[in-house]
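Student: Sharing a model that was predicted from the sequence below.
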Amino acid sequence: MNKQKMPLQVWVLTLAAFAIGTAEFVIAGILPQVAHSLLITEGQAGYLISAYALAIVVGGPLLTIYLARFNKKNVLAGLMVLFIVGNLLSAFAPNYIVLIASRVITGLVQGPFYGIGAVVATNLVSEKMAGRAVGQMFAGLTLANVLGVPGGTWIGLQFGWHTTFLTVAAFGLMALFFITAVIRPAGHGEAKDVKAQLLAFKNPMLLLSLAITVFAWSGFMTLYGYLAPIAVHITGLAEGTVTWILVIVGLGLIIGNTIGGRSSDKNLHRASMFWAIAMIVSLVAVGLAVESKIMFIAAAFVFGIASFANVPAMQLRVMNHGGEGQELAATANISAFNLANAFGGVLGGMVLDSPMGAGMIPYAAVVVPVVGLWLIAKANRRERSQPTVTPAFTH
């Protein structure tokens, strides 16, 4: 069975995930330009990150529950249309308010597309390849950080930030074309009873696992969302080098995701504790390195590895405690990640616009993950004292 090839439909979902991931994170690279063009502060431009993330937090689970009953091909195509509309609105936004609204529209797509897309991906392959099919789809998200975000930043620097959003919309159009052409209409699927899924949230360990994601992850976007202003204003790098810094950080994210997955499979307790500490240390390292160009880029790379190594452990812990509501628990964890991203966007923006300035952002990013560390220790203690939980899935 291992020789079975990944179906073309899964690659189509990878392309869609790439477009969606680029739309989410590309704002980090074009932040200074958007601020300059719309006559707002860079901190206010950073709130565009929070608007998008909050749309995922609120819209993701609600839309996923509602859309689960419909034909999955039609749902994915419909979501892609909404995605294209949102990005076109961003591209032609005449002011800050319209741009914020367009980010909310685009953000609504992400949760349900990933949730329903993951179900479609697993239905296309044998059970043995289910994990790889989902991994393949989510590779689009990782690729977005390595190619999409730096590419979008470069396009923004060359042709203006409006063109960046037009390019993202074009990727969405390509994905829509292939979804309609290649993906076969799937039934209403195995959407479990909503009540049964919601009952899983009575489990205090599931709620604690989601809280770990919110707190421990919040440092990521506080720094990542504001790498461009820090690099340009504090470290003194040219605007053009921001593209390459984002490529380097993106490579770190891929390495981190891989190492994190392996270490979480070996020992979830140890991995979650180690990587949460590593991320906090890496944030301090970036703060200490801002004065030196080479040290700053090196520290940002390490930050990329340390932060994304946390993701598999956080996802695995939530799935382990998801019980009957695994799909909803997994979607809720995407919401938890984005609640942290929304908070990070606001915190980074406030620090940037305050007298402390961009140089203090890495230190401000450390505060909340320390609470996350305490929650991880608490969860580890509880899990050790409880009967062992069988992992929901293995890689």
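Tutor: Cool, got the structure. The model shown is predicted, which means the values in this text are computed figures rather than measured ones.
Student: Which residue ranges make up each domain of the protein?
Tutor: For the chain, automatic domain parsing gives the domain ranges 1-191, 195-387.
Student: need those domains in CSV with mean pLDDT and mean neighbour count, can you?
Tutor: (C-beta placed from N, C-alpha, C; glycine too.) Conversion of the domains of the chain to CSV gives the following (pLDDT from 0 to 100; neighbours: other Cβ atoms under 10 Å):
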stretch, mean pLDDT, mean neighbour count
domain 1-191, 88, 20
domain 195-387, 91, 21
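Student: Find the residue closest to residue 350 in space, skipping its chain neighbours.
Tutor: Nearest non-adjacent residue to residue 350, counting by Cβ to Cβ, 6 or more residues apart in numbering: residue 43, 6.4 Å away.
Student: Following the chain onward from the helix or strand containing that neighbour, which element is next?
Tutor: Remark: residue 43 resides in helix 42-67, with elements defined by DSSP states H and E. Counting by DSSP H and E, the next helix or strand C-terminal to helix 42-67 is helix 72-91.
Student: From the chain's centroid, how far away is that following helix?
Tutor: 18 Å (Cα atoms, centre = their mean, to the nearest Å).
Student: Whichever helix or strand comes after that helix packs against which elements?
Tutor: Sequence-wise, the next helix or strand downstream of helix 72-91 (DSSP H and E) is helix 96-123. Helix 96-123 sits against helix 8-25, helix 27-38, helix 42-67, helix 72-91, helix 130-143, helix 326-353, with contacts defined as 3 or more Cβ pairs under 8 Å, 6 or more residues apart in numbering; DSSP states H and E.
Student: Show me what stretch 305-316 is in contact with.
Tutor: Contact partners of stretch 305-316, identified using Cβ atoms under 8 Å, 6 or more residues apart in numbering, comprise 209, 212-213, 216-217, 219-220, 224, 252-257, 259-261, 263-264, 268, 271-272, 275-276, 278-279, 281-282, 330, 333, 337, 391-393.
Student: Tell me which entries of those lie within helices.
Tutor: Judged by DSSP state H, the contacts of stretch 305-316 include 209, 212-213, 216-217, 219-220, 224, 252-257, 259-261, 263-264, 268, 271-272, 275-276, 278-279, 281-282, 330, 333, 337 as members of helices.
Student: about what we covered before: do I have it right that the residue nearest to residue 350 meets residue 352?
Tutor: Yes - between residue 43 and residue 352 there is a contact at 4.4 Å, judged by Cβ atoms under 8 Å.
Student: For the residue nearest to residue 350, give its distance to residue 32.
Tutor: Distance of residue 43 to residue 32, given as Cβ to Cβ, to the nearest Å: 12 Å.
Student: ditto for residue 132
Tutor: 39 Å.
Student: what does residue 301 give?
Tutor: Going from residue 301 to residue 32 by Cβ to Cβ gives 21 Å.
Student: Ok, residue 17 next?
Tutor: Counting by Cβ to Cβ, the gap from residue 17 to residue 32 is 27 Å.
Student: next one: residue 168
Tutor: Here the distance between residue 168 and residue 32 works out to 19 Å (Cβ to Cβ).
Student: now swap in residue 161 and tell me
Tutor: In terms of Cβ to Cβ, residue 161 sits 10 Å off from residue 32.
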